[in-house]
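1. coords below, sequence missing:
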Ligand SMILES: Nc1nc2c([nH]c(=O)n2[C@H]2C[C@H](O)[C@@H](COP(=O)(O)OP(=O)(O)OP(=O)(O)O)O2)c(=O)[nH]1
């Protein structure tokens, strides 16, 4: 089981950050909450701060656990661990993604997400009603 951290990052306008995985990556072309694999001994919060700096050049502050979801992509079993976070600073520069958007939670239904993210998307949509 691979532990993967994902950040649900809010800006000051109540929008959240989603990003589309590059075509050459696993789950390419699908939208996700940015993050990545947790290193041995690393906290989820630290992983998210590190990944967002490496992958997008932005700094964030994770502030609350959101939920966890187990999913299998064939032989690859992942546990996706989501935290809510606040966007702090930095201009977006994409490394592992080819697009990003700041969207209001009620707009999340317009995007096709990686299957492991779908329960989180549905909960955010429900909470926005
Ligand atoms: N970061 C992230 N990964 C996700 C999400 N949903 C989801 O299924 N995944 C999957 C895709 C990958 O199989 C794995 C995370 O890998 P990663 O983002 O660290 O990518 P990586 O460059 O290390 O791995 P890879 O694409 O080269 O296999 O979890 C999500 O919301 N955020």
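-> Looks like it came in fine. The structure displayed is predicted, hence computed values, not measured ones.

2. near the ligand, which residues of this protein?
-> For the chain, the residues in contact with the ligand (Cβ under 6 Å from any ligand atom) are 4, 6, 25-27, 32-37, 78, 80, 96, 114, 116-117. The C-beta positions use only the backbone N, C-alpha and C, and glycine is treated the same way.

3. mind doing that once more with 5 Å?
-> Residues of the chain lying close to the ligand (Cβ under 5 Å from any ligand atom) are 4, 6, 25-27, 32-33, 35-37, 114, 116-117.

4. for those, give me JSON lines that also has secondary structure.
-> Formatted as JSON lines, the residues of the chain next to the ligand follow (DSSP: H, G, I helix; E, B strand; the rest coil):
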{"residue": "4", "secondary structure": "strand"}
{"residue": "6", "secondary structure": "strand"}
{"residue": "25", "secondary structure": "coil"}
{"residue": "26", "secondary structure": "coil"}
{"residue": "27", "secondary structure": "coil"}
{"residue": "32", "secondary structure": "strand"}
{"residue": "33", "secondary structure": "coil"}
{"residue": "35", "secondary structure": "strand"}
{"residue": "36", "secondary structure": "strand"}
{"residue": "37", "secondary structure": "strand"}
{"residue": "114", "secondary structure": "coil"}
{"residue": "116", "secondary structure": "helix"}
{"residue": "117", "secondary structure": "helix"}
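
5. list only those of those flagged as buried.
-> 4, 6, 27, 32-33, 35-36, 114, 116-117 (16 or more other Cβ atoms under 10 Å).

6. from those, pick the one nearest residue 104.
-> residue 33 (15.0 Å; Cβ to Cβ).

7. beta partners for the nearest residue to the closest one once chain neighbours are set aside?
-> Spatially, and ignoring its direct neighbours in sequence, residue 33 is nearest to residue 6 (4.0 Å; Cβ to Cβ, 6 or more residues apart in numbering). The partner list for residue 6 in beta bridges (DSSP bridges) reads residue 35, residue 82.

8. residue 6 and residue 38 touch, don't they?
-> No: in this structure residue 6 lies outside contact range of residue 38 using Cβ atoms under 8 Å: 10.6 Å.

9. tell me, what's touching the two both at once?
-> Taking Cβ atoms under 8 Å, 6 or more residues apart in numbering as the criterion, residue 6 and residue 38 both touch residue 81.

10. alright, I will stop here.
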